[in-house]
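Undergrad: using only what follows, build the 3D model:
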Amino acid sequence: MAQLSMHDRLRAPEGLDLSSIDPAGTPGFSGGKQKGKQQLKSLAPQLAALQERLYAEGRGGGSRSLLLVLQGMDTAGKGGTVKHVVGQVDPMGVRYTAFKAPTKEEREHDFLWRIRKALPEPGVFGVFDRSHYEDVVVVRVHDLVPRRVWSRRYDAINRFEERLLLRGTTVVKCFLHISQEEQKQRLLARLDDPTKQWKFNPADVDERLLWDEYQVAYTDAINRCNSDVAPWYVVPADHKWWRNLAIMQLIIETLEVTSPQYPAPTYDVEVERLRLLQT
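TA: You can find the predicted model right below:
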C-alpha cells in the first residue's frame, strides 16, 4: 500500500471537529524531536531547489506562484514557521505579509482589498501570517461586524480563492492547531525570559478567555472554505519541530505537483559561449 502523503494526512475532513484532532499528534511520523529536526534539515535543500525553479520560471515569463496561508491562535507558531521553513529558501523569491488589525484606510475598502494588494507576483513564494480569514474569525468572536456581514464572507472567500487558482496561484492553507495548555506554557515562557518579554502581549491573556469561541469560529471557517481548489490542512502544533516538518513537507509536495521549470534561454548558448571565450 502506498504511503500517505502529508496532504492526505493533514487535509481537513468534511465536517471537521477540531476537538477530535490531537494538537500533540505527529501523524505518520514515529520518530522523536531529534529525528524530526534531522529530517527537516535533510529536506531543506529540496525545498530550496523547488523554490528556485518557481522563481526562475516566473522571471522567464511564467504565471505561477505559491501562497502559504498561516492561521492559528497566538503562539501557535506562525512566526516560527516562517523562520524555520520559509527561511530555508532564497528571500529574493519570497513575499511575506503579516496582517495586523486593519488600518483606517483598509477599513474603508472591502475586506479583501488589502489581501489582493499583498498577493505574490509570478514566480514568488507568498506567505500570509494571518490573512483574510481574520475577517470571519476575529470579527465574529469580537462582534466587530454584524453576523449578516461576516456570514456572507465565506462565499466571497471561496470565489476569491477560485480566482487565485485561475491566475496561477496555488494556495496552501495551514491551521496551526495548538492546545490551550501548550499556549499557556509558551506565554509563561515569554514572561520568564527577559529576552522574550517584548513578545508578550497582555491582550493574549484576554483572548484566552475566548478560547472556545475561537475554536468554533475556526471550525466553521475551515468547514465553509475547505474546497478542492484551496483545501485546509490542520497541522498539530504542540510540537514545534513537527509543525515545521509537516509544513515543509506540504510545501515540497505542492511544488512537486506543480513542477515549476527553469525557463529555456532566449539566446543561443553556443554563440554566447564563443563570445565569452573570445573576451
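Undergrad: what are the ranges of the helices in the stretch 101-250 of the chain?
TA: Listed in chain order, the helices of the stretch 101-250 of the chain (DSSP state H, counting those that start in this stretch) span 104-107, 113-117, 134-141, 147-150, 153-166, 180-192, 203-208, 211-224, 240-258.
Undergrad: E270: which of the ones you listed is closest?
TA: helix 240-258 (31.4 Å; Cβ to Cβ). Placement of C-beta: from N, CA and C, glycine included.
Undergrad: what angle separates that closest one from helix 180-192?
TA: Here helix 240-258 runs at an angle of 110 degrees relative to helix 180-192 (axes from the mean of the first three to the mean of the last three Cα atoms, to 10 degrees).
Undergrad: go through helix 240-258 and flag the buried ones.
TA: For helix 240-258, a neighbour-count test (16 or more other Cβ atoms under 10 Å) marks 240-255, 258 as buried.
Undergrad: check stretch 156-171 too.
TA: A156, I157, N158, F160, E161, L164, G168, T169, T170, V171.
Undergrad: flag the shaky bits of the chain, pLDDT-wise.
TA: Along the chain, segments meeting pLDDT under 70 span 1-2.
Undergrad: which element follows the longest helix seen in it toward the C-terminus?
TA: As assigned by DSSP state H, the longest helix anywhere in the chain is helix 33-59. Next helix or strand after helix 33-59 toward the C-terminus (DSSP states H and E): strand 65-72.
Undergrad: report all helices and strands that that following strand contacts.
TA: Applying 3 or more Cβ pairs under 8 Å, 6 or more residues apart in numbering; DSSP states H and E, one finds that strand 65-72 contacts helix 33-59, helix 78-84, strand 125-129, strand 169-177, helix 240-258.
Undergrad: quick one: strands adjacent to the shortest one?
TA: Applying DSSP bridges to the sheet, strand 125-129 is found paired with strand 65-72 (parallel), strand 94-98 (parallel).
Undergrad: other residues contacting that strand?
TA: Counting contacts by Cβ atoms under 8 Å, 6 or more residues apart in numbering, the residues outside strand 125-129 that touch it are 51, 54-55, 65-70, 78-79, 82, 86, 89, 93-99, 115, 118-120, 169.
Undergrad: swap in 7 Å and give it another go.
TA: Outside strand 125-129, the residues that touch it by Cβ atoms under 7 Å, 6 or more residues apart in numbering are 51, 54, 65-70, 78-79, 82, 86, 89, 93-99, 119-120.
Undergrad: likewise for the fourth one?
TA: Identification of contacts with strand 169-177 by Cβ under 7 Å, 6+ apart yields 18, 21, 23, 65-72, 76-78, 119-120, 161, 164, 218, 222, 230, 232-237, 243, 247, 250-251, 254, 258.
Undergrad: send the alpha carbons of it over as PDB?
TA: Extracted C-alpha coordinates of strand 169-177, given in PDB (Å, rounded to 0.1, in the frame of the first residue of the first chain):
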ATOM      1  CA  THR A 169      -1.500  30.900  -7.600                       C
ATOM      2  CA  THR A 170      -1.600  27.600  -5.700                       C
ATOM      3  CA  VAL A 171      -2.800  28.200  -2.100                       C
ATOM      4  CA  VAL A 172      -1.700  26.100   0.800                       C
ATOM      5  CA  LYS A 173      -3.800  27.000   3.900                       C
ATOM      6  CA  CYS A 174      -2.500  25.700   7.300                       C
ATOM      7  CA  PHE A 175      -4.300  26.000  10.600                       C
ATOM      8  CA  LEU A 176      -1.700  25.600  13.300                       C
ATOM      9  CA  HIS A 177      -3.600  23.600  15.900                       C
END
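Undergrad: neighbouring strands for that strand, and are they parallel or not?
TA: Paired strands of strand 169-177, defined by DSSP bridges, are strand 65-72 (parallel), strand 232-236 (parallel).
Undergrad: give me the distance between the first one and the centre of its chain.
TA: Mean C-alpha position of strand 65-72 versus that of the full chain (Cα atoms, centre = their mean, to the nearest Å) differs by 3 Å.
Undergrad: so which of the strands paired with strand 169-177 gets nearest L188?
TA: Checking those against L188 by Cβ to Cβ gives strand 65-72 as the closest, at 18.4 Å.
Undergrad: and the closest one with helix 33-59, angle?
TA: Using the same axes, to 10 degrees: strand 65-72 against helix 33-59 is 140 degrees.
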